[in-house]
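*Asks:* Quick check, what structure comes out for this input:
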Amino acid sequence: GSGLRDSALMLLALADAAPGDRMIPELTGNVSRLMGLTRWGTTQENALAFAAVGKALGLGDAAPVSGTLTFGDTEHPFRDVDTFTLADLEGGAPVSATLATDNATAYWSVTTRGVPDSEHFKPESSGIEVRRTFLDRNGKAVDLATVEQGALVIMKTEIKTAGNAVENVVVQALLPAGMEVENPRLASSEVAAFAPDEEQPIAGHQDLRDDRVLFFTDLNRAGWHAGYTQLRAVTPGTYALPPVQAEAMYDPSIMAVSEPGTMTVKRK
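*Replies:* Got it, this is the predicted structure:
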């Protein structure tokens, strides 16, 4: 069984059958505590936990609140509101909220978006490692500064666990804009098979898209696992080479991001 799932089910049932029961605050606190543990819950556990806590919080009497939302050095006060939204804030300054009364309760969140620049980007690895190389049809490393237009390029994507087995891992390899995936189903496609016999493949499903290649796999064995994708250099130019990203789908803390780079396709 699961303590989080069982507590959430109990809270859901009690909040529905006896909304005034004195056990509801205790169960709500217990579910919140279990959600805060380091282990990432399953989809079922998380869904039940959020539903239960939401149900319990909805039992209270909502009342307008007053306070101040602070973004960097700028204060944004609000008075007697049920909801308060502040949008289009630019920059990365810290955000904090202060209520006018000590006995009031409010829930707030911050949604951010942006595009990381190469100057501040750093590779990361937590629980898994990932790397990528580009090879020619003979298995030799390709000079990414002088890729000839029309050339066949083999993208070798590798991943390994840093310790324990990891299940439900997705690997995303974004392609530079001047490259296209060579469709293995076409009769005109070349075949370059040179993977060593002792090499562990990335087992599971491979999804070939216009701008990226996705692998869905389980890492149950130690050592590097490799996947090969045939690409064609199509459009001349110099392009950004996005990093490879890998993540355990049900535990985002297990992840890895490789180095970015550049690729230049020379006119034939």
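*Asks:* Please make it C-alpha for all contacts and neighbour counts, starting now.
*Replies:* Will do.
*Asks:* what bits of this protein have low per-residue confidence?
*Replies:* Residue ranges of the chain with pLDDT under 70: 1, 38-39, 61-62, 184-194.
*Asks:* ranges for the helices of it?
*Replies:* Listed in chain order, the helices of the chain (DSSP state H) span residues 3-17, 23-35, 43-57.
*Asks:* most neighbours per residue, which of those?
*Replies:* Across those, the average number of neighbours (mean count of other C-alpha atoms under 10 Å) peaks for helix 3-17, which reaches a mean of 19.
*Asks:* Just the C-alphas of that one, formatted as PDB.
*Replies:* Coordinates of each C-alpha in helix 3-17 appear next as PDB, following Å, rounded to 0.1, in the frame of the first residue of the first chain:
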ATOM      1  CA  GLY A   3       0.600   5.900   3.000                       C
ATOM      2  CA  LEU A   4       0.000   9.000   0.900                       C
ATOM      3  CA  ARG A   5      -2.700   7.400  -1.200                       C
ATOM      4  CA  ASP A   6      -4.500   5.900   1.900                       C
ATOM      5  CA  SER A   7      -4.400   9.200   3.800                       C
ATOM      6  CA  ALA A   8      -5.700  11.100   0.700                       C
ATOM      7  CA  LEU A   9      -8.600   8.600   0.300                       C
ATOM      8  CA  MET A  10      -9.500   8.900   4.000                       C
ATOM      9  CA  LEU A  11      -9.400  12.700   3.700                       C
ATOM     10  CA  LEU A  12     -11.600  12.700   0.600                       C
ATOM     11  CA  ALA A  13     -14.200  10.400   2.200                       C
ATOM     12  CA  LEU A  14     -14.300  12.300   5.500                       C
ATOM     13  CA  ALA A  15     -14.500  15.700   3.800                       C
ATOM     14  CA  ASP A  16     -17.400  14.500   1.800                       C
ATOM     15  CA  ALA A  17     -19.300  12.600   4.600                       C
END
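*Asks:* what inclination does it have with respect to helix 43-57?
*Replies:* Angular relation of helix 3-17 and helix 43-57 on a 0 to 180 degree scale: 40 degrees, by axes from the mean of the first three to the mean of the last three C-alpha atoms, to 10 degrees.
*Asks:* Pull the distance from helix 3-17 to the chain's centre.
*Replies:* Helix 3-17 sits 29 Å away from the centroid of its parent chain (C-alpha atoms, centre = their mean, to the nearest Å).
*Asks:* Show me what it is packed against.
*Replies:* Judged by 3 or more C-alpha pairs under 8 Å, 6 or more residues apart in numbering; DSSP states H and E, helix 3-17 is in contact with helix 23-35, helix 43-57.
*Asks:* so can I have CSV of the helices of the chain showing distance to Thr235?
*Replies:* Conversion of the helices of the chain to CSV gives the following (distance: least, C-alpha to C-alpha, whole Å):
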stretch, distance to Thr235
helix 3-17, 53
helix 23-35, 49
helix 43-57, 42
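*Asks:* Could you point out which of the ones you listed sits nearest Val265?
*Replies:* Distance to Val265, taken as C-alpha to C-alpha, is lowest for helix 43-57 among the helices of the chain, at 43.5 Å.
*Asks:* hang on, the earlier thing: just put the helices and strands packed on helix 3-17 in JSON lines and tack on distance to Gln206.
*Replies:* Below are the helices and strands packed on helix 3-17 laid out as JSON lines (distance: least, C-alpha to C-alpha, whole Å):
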{"stretch": "helix 23-35", "distance to Gln206": "33"}
{"stretch": "helix 43-57", "distance to Gln206": "23"}
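*Asks:* close enough to count as contact, Gln149 and Lys266?
*Replies:* Yes: in this structure, Gln149 sits in contact with Lys266. The criterion is C-alpha atoms under 8 Å, and the distance is 5.6 Å.
*Asks:* Touching both of these two, which residues are there?
*Replies:* Pro236 (C-alpha atoms under 8 Å, 6 or more residues apart in numbering).
*Asks:* which ones are touching the nearest residue to Leu135 once chain neighbours are set aside?
*Replies:* Among residues not flanking Leu135 along the chain, Ala141 sits closest, at 4.5 Å (C-alpha to C-alpha, 6 or more residues apart in numbering). With contact set as C-alpha under 8 Å, 6+ apart, Ala141 has these partners: 133-135.
*Asks:* Please consider this matter closed, and thank you.
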